[in-house]
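> Sharing a sequence plus its predicted fold:
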Amino acid sequence: MSRRRVLVTGGAGLIGSRLAAALVDDGHDVVVVDALSAGDADRVPADATLVETDVRDADAVARVLDESVDRVYHLA
């Protein structure tokens, strides 16, 4: 599988963080978007990028998507 830039919303939650970790382990460039209202930043893999914002903030999410994301997993 080729390396992809992957966005995981809710990636600081239990399921999202496990998905993010698996994607990092598979060699992907992972960006996590999470407001940390229920998640924990410590769950985000060290090799992933955490963008602390709410998915309802359209401008913030658009900035992340402008960085050429290949795949999105929406778990927020």
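Good, I have the coordinates.

> Centroid-nearest residue for this protein?
Closest to where the C-alpha atoms of the chain average out (C-alpha atoms, centre = their mean) is residue 32, at 1.9 Å.

> Any idea how many residues pack against the residue nearest to that one when sequence neighbours are not counted?
Nearest residue to residue 32, sequence neighbours excluded (C-beta to C-beta, 6 or more residues apart in numbering): residue 11, at 3.1 Å. C-beta here means a position set from N, CA and C on the backbone, and glycine is covered the same way. Residues near residue 11, counting by other C-beta atoms under 10 Å, number 31.

> Can you check the pLDDT for residue 11?
Looking at residue 11, its pLDDT reads 96.

> Would you quantify the distance from the residue nearest to the centre of the chain to residue 66?
According to C-beta to C-beta, to the nearest Å, residue 32 and residue 66 sit 17 Å apart.

> Kindly report the same for residue 46.
From residue 46 over to residue 66 (counting by C-beta to C-beta), the distance is 24 Å.

> Okay, now the unreliable bits of this structure?
Along the chain, segments meeting pLDDT under 70 span 1.

> Enumerate every residue touching residue 42.
Listed by C-beta atoms under 8 Å, 6 or more residues apart in numbering, residue 42 has no contact partners.

> wait, is it part of a strand?
No - assignment of residue 42 by DSSP: H, G, I helix; E, B strand; the rest coil gives helix, placing it outside any strand.

> and the gap between it and residue 72?
Residue 42 sits 23 Å away from residue 72, going by C-beta to C-beta.

> ok, for residue 15, nearest residue in space, not its chain neighbours?
Per C-beta to C-beta, 6+ apart, closest to residue 15 is residue 75, 6.0 Å.

> Relative to residue 10, how far out is the one you found?
4 Å.
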